[in-house]
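Asker: Here is a sequence with its predicted model. Questions after.
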Amino acid sequence: MFVDRIEAGQELGKSLVNYRGKDVVVVAIPRGGVLVAKEVAIKLEAPLELVIPRKIGAPGNPELAIGAMADKDTVIINEHLRGSLRVLDDYLKAEVEKQAQEIERRRKRYLGAKSQIDLENKIIILVDDGLATGYTALAAIKALRRRKPKKLILAVPVAPKDTIERLGREVDELICLHSPEIFFAVGQFYSNFSQTTDDEVIQVLKEYEAKEKG
C-alpha cells in the first residue's frame with residue numbers, strides 16, 4: 001500500500017494541508033513515526049516535536065503489551081489482560097521504572113539539551129507510522145493532553161477499524177488514510193518497513209532543524 005514511511009508521510013501530509021499556516025506543531029512517536037512526521041511537518045511548514053511512549057510488556061513475553069506509558073503520570077494498564085496473566089504489582093512497578101528510564105535515555109539521545117516546544121493552545125498533530133492495538137498512542141495522547149493544546153489530532157497512514165473507533169474518542173480529530181478489514185500488523189501495508197534506528201531518528205531531527213533555520 002505504501003512504498004515506505006516517507007511516501008506514507010507525504011500522503012498523510014496532503015490530507016492535513018488545511019492546517020498549513022495555522023499554529024500547528026507536529027509531534028512524532030519514535031522511532032518509525034519520526035520519518036512519517038517529518039514529511040507531514042514539511043508539508044505544513046510546522047515545527048517537529050517528539051513524544052516518547054513505551055509499551056509495558058508481559059512477564060516472559062515483552063512483545064505482548066499489557067499497557068503503555070509516556071511518563072510515570074500516564075501509565076495505562078489493560079487490567080483484564082493483567083488479571084488473566086496474574087501480573088504481580090512488583091513486576092509492574094519494576095517494568096514501569098525500566099520503561100521510564102528508557103524514555104529518558106531516548107529523550108536525551110534524540111534531543112540532547114534541546115528544550116521542549118510549548119504546546120499550550122497549539123494545534124497538535126500526533127503522528128505515527130501506523131497503529132495496531134493503539135496502546136502507545138493512547139499513552140502519548142494522555143501525556144499531550146496535560147500540555148493543554150487547543151486541539152489534538154491523531155494522524156496515521158493505517159490502523160484497524162476497532163483501534164480507530166477507540167482512539168477517536170480520545171482526540172478532537174482522527175485522520176487515518178486506510179483502515180483495512182483484514183489487519184495483522186502495520187508492516188504488512190509497507191513494501192519497506194525496515195526498523196528505524198536511533199541514529200536515523202537523530203539524523204532526521206537534525207536535518208529538519210537545519211531546514212527550519214535555513
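Answerer: Great, that's in hand. Please read all numbers here as calculations on a predicted model, not as lab measurements.
Asker: Give me the helices and strands touching the biggest helix by length in the chain, please.
Answerer: Using DSSP state H to define each element, the chain has its longest helix at helix 89-111. Where contact means 3 or more CB pairs under 8 Å, 6 or more residues apart in numbering; DSSP states H and E, helix 89-111 is packed against strand 48-50, strand 54-58, strand 61-69, helix 198-213. In this view, the C-beta of every residue, glycine as well, is placed from N, C-alpha and C.
Asker: Contacts only, for residue 54.
Answerer: 68-70, 99, 102-103, 136, 139 (CB atoms under 8 Å, 6 or more residues apart in numbering).
Asker: Please produce a markdown table containing those residues, extended by distance to residue 149.
Answerer: Output for the contacts of residue 54, formatted as a markdown table (distance: CB to CB, whole Å):
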| residue | distance to residue 149 |
| --- | --- |
| 68 | 20 |
| 69 | 20 |
| 70 | 14 |
| 99 | 24 |
| 102 | 25 |
| 103 | 20 |
| 136 | 19 |
| 139 | 16 |
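Asker: Relative to residue 175, which of the residues you listed is nearest.
Answerer: residue 136 (17.9 Å; CB to CB).
Asker: That closest one and residue 55 touch, don't they?
Answerer: Yes - with contact defined as CB atoms under 8 Å, residue 136 counts as touching residue 55 (5.7 Å).
Asker: So for those two, which residues contact both of them?
Answerer: Common contact partners of residue 136 and residue 55 (CB under 8 Å, 6+ apart): 65, 68.
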